[in-house]
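*Asks:* Here's my sequence, what's the structure:
(chains A and B)
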Amino acid sequence: MIDVIEAGLFTTVQDGGRFGYRHAGVPAGGVMDVWAYRLANALVGNNGDEAVLEATMAGPTLRFGVKAVVAVCGGDFPCTLNGRPFALWKPMAVEPGDVLEVGVCRTGFRAYIAVSGGIDVPPVMGSRSTYVPAQLGGLSGRPLQRGDALPVGVTHGHRVIGRMRWGLASAARRYIGGKTKTVRAVPGPEYDEFTPASRRQFFAARYEVTTQSDRIGYRLSGPTLALVREREMVSEAVVFGTVQVPASGQPIVLMADSQTTGGYPRIAQVAAVDLPILAQARPGDFIQFQPIRPEEAMWLYREQQQRLAQWVAAIRRQWEGER
Amino acid sequence: MTVEYTLFPLCEYAVTIRFSDHIDEDVNDIVHHTTARLQAKRKEGIEEIVPAFSSLTIYYDPLVIDYIGIGAWLRKNIRRSEQAVQRSARTVVIPVCYGGEFGPDLPDVARFHGMTEDEVVALHSAGRYRVYMIGFSPGFAYLGGLSPRLATPRRPVPRTKVPAGSVGIAGGQTGVYPLATPGGWQLIGRTPLRLFDPHREKPSLLAAGDIVVFQPIGADEFARWSEEHD
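*Replies:* Have a look, this model is predicted:
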């Protein structure tokens, strides 16, 4: 068990997502920053799809009731273990009674706290991810609260013998920083229906992430976008990264927990490779969209998957050395 | 009949097939026929096939199959004679306790149309409603077929909490709230059935393509249903 001493601003249990239920109106959900999530799980010796804690802006304080390996990846959250500084992007052994304090984020927005064996809440519809709008998964379908107790899964063989004096190079977290984030995007299905000026503006201007931003979507603020001709749209599928434009002309980027269908014109689709960048944007940050072709987005996606696999393989080799 | 469609990538792992850009029963039939046919022909790498009003979207693993591969598979399987496929729609009867505490807006709806409450209930429960698609929230069915005589504007101030199972009218639409959420629909009744239950094998009671019939029940029957299903 892990005791939640302080819950942090908005901390939820998340995994890779809840798949196979879009036809029932249930989005895939899951972690917002899949890059940090996968690496955090690899660092603690997990298989890859175990549930973790996703912290937002201000992290939780946790007391471990078990021996485990812990890693924190994502935004730059100052962390301490029993009051001593605790480095991010590196595995750390904890003993029963140890207290991990995840502080207030300096750059980025979200952190992933992985524990060997994973957070073992019961899966709902094949996933442990918390989907707050329908109170599904996680701990009673809600964010953590002070006093909660989190079950931890059984670890798969990684017995810690060495000191684990290693972590990930800074190249793994280069995407985190910066007040203005450049995000690549493919023109969306209704892109051609926007006025030429709007199409230009969308990729030329910077859009600010407003405070009305959460796991469902980010409302952006910037130059108003208009259609050449208003028309009634028929609702169609939307996904994580779809940029839709309601009548206000201010774009909304749909995030992990967005609805499965939407009825607003879609000006763009953020490239899947850049969704972790978006996940680490906080209110007040700026988004600069950069146009790419669908083929490029696809190629970048494959390339990122390979890069991720290389990092995970390198971590596995380190683990072999620890045993 | 020739089925025309456009195909476009939604993102790295999904492609949408659009048959029309308006809502129409015939087009929606084609969507459901095509979904059923593609489901039956499942191909490796294809993960989900999700119908909407006049389009369907296929989710796939891009490391197993690519956009070109999906396109070729679709061209082979979306045949010209979609209309010839007979698909019998499932009819789902939804018991509804109209009016009273379960349908607090029934008097307003009746007054708006110059009808009695009984006339509203009779008209609403006489309809056969098509589930065009599931979306908006888990288990929420977009229903077509509300009598134009019952079309009622939304409430000026939405309620902060509408109980799950509430049956409402909003403009020309009728529907059931699967979950307790805020909402501005005119509430005319409530069903004891659970439209969404994550612990059922099929969490959503309704599926795209179903026909829905509302059956009036009394408050005593509502209580009995609720006990039996809890």
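*Asks:* Chain B: helices as residue ranges?
*Replies:* B:25-40, B:67-77, B:106-113, B:117-126, B:219-228 (DSSP state H).
*Asks:* among those helices, which is nearest chain A?
*Replies:* Evaluated over the helices of chain B, closeness to chain A peaks at helix B:67-77, with 7.2 Å, by CB to the nearest CB. From N, CA and C alone the C-beta is placed, and that goes for glycine too.
*Asks:* what about the closest one, distance to the chain center?
*Replies:* On the basis of CA atoms, centre = their mean, to the nearest Å, helix B:67-77 is displaced by 28 Å from the centre of the chain it belongs to.
*Asks:* and it, average pLDDT?
*Replies:* Average pLDDT, helix B:67-77: 90.
*Asks:* same check, this time on stretch A:299-314
*Replies:* Here stretch A:299-314 scores 95 as its mean pLDDT.
*Asks:* Over to stretch A:54-65?
*Replies:* So the average pLDDT for stretch A:54-65 ends up being 98.
*Asks:* Can I get that stretch in CSV? Just the C-alpha atoms.
*Replies:* The C-alpha trace of stretch A:54-65 is given here as CSV (Å, rounded to 0.1, in the frame of the first residue of the first chain):
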residue,chain,number,x,y,z
GLU,A,54,-0.3,11.5,-13.0
ALA,A,55,0.3,14.6,-11.0
THR,A,56,-0.7,18.1,-12.2
MET,A,57,1.2,21.3,-11.3
ALA,A,58,1.5,20.4,-7.6
GLY,A,59,2.3,16.8,-6.7
PRO,A,60,1.3,14.5,-3.9
THR,A,61,3.1,13.4,-0.8
LEU,A,62,3.2,9.6,-0.5
ARG,A,63,4.2,7.2,2.3
PHE,A,64,5.3,3.8,1.1
GLY,A,65,4.1,0.7,3.0
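*Asks:* Report the distance from that stretch to the chain centre.
*Replies:* Remark: stretch A:54-65 is offset 15 Å from the chain centroid, using CA atoms, centre = their mean.
*Asks:* what comes up buried for it?
*Replies:* Buried positions in stretch A:54-65, judged by neighbour count with 16 or more other CB atoms under 10 Å in any protein chain shown: A:Glu54, A:Ala55, A:Thr56, A:Met57, A:Ala58, A:Gly59, A:Pro60, A:Thr61, A:Leu62, A:Arg63, A:Phe64, A:Gly65.
*Asks:* do stretch A:288-298 as well
*Replies:* Buried, per 16+ other CB under 10 Å, within stretch A:288-298: A:Phe289, A:Ile292, A:Pro294, A:Ala297, A:Met298.
*Asks:* Next up, identify which helix or strand the fourth one is on.
*Replies:* Pointing back at A:Ala297 there. Using DSSP states H and E, A:Ala297 sits in helix A:294-322.
*Asks:* about what we covered before: could you identify the most distant pair in the buried residues of stretch A:54-65?
*Replies:* A:Met57 and A:Gly65 (26.3 Å; CB to CB).
*Asks:* ok, what's across the strand from the closest residue to A:Gln250 other than its chain neighbours?
*Replies:* The shortest distance from A:Gln250 to any non-neighbouring residue, by CB to CB, 6 or more residues apart in numbering or on different chains, is to A:Ser221 (5.9 Å). Taking DSSP bridges as the rule, A:Ser221 bridges to A:Glu208.
*Asks:* likewise B:Thr91?
*Replies:* With DSSP bridges as the criterion, B:Thr91 is bridged to B:Ile211.
*Asks:* What about the closest residue to B:Pro182 other than its chain neighbours, how many residues nearby?
*Replies:* Spatial nearest neighbour of B:Pro182, excluding adjacent residues (CB to CB, 6+ apart): B:Thr160 at 5.3 Å. Counted by other CB atoms under 10 Å in any protein chain shown, the residues lying close to B:Thr160 total 8.
*Asks:* repeat for B:Thr116
*Replies:* For B:Thr116, the number of neighbouring residues by other CB under 10 Å comes to 12.
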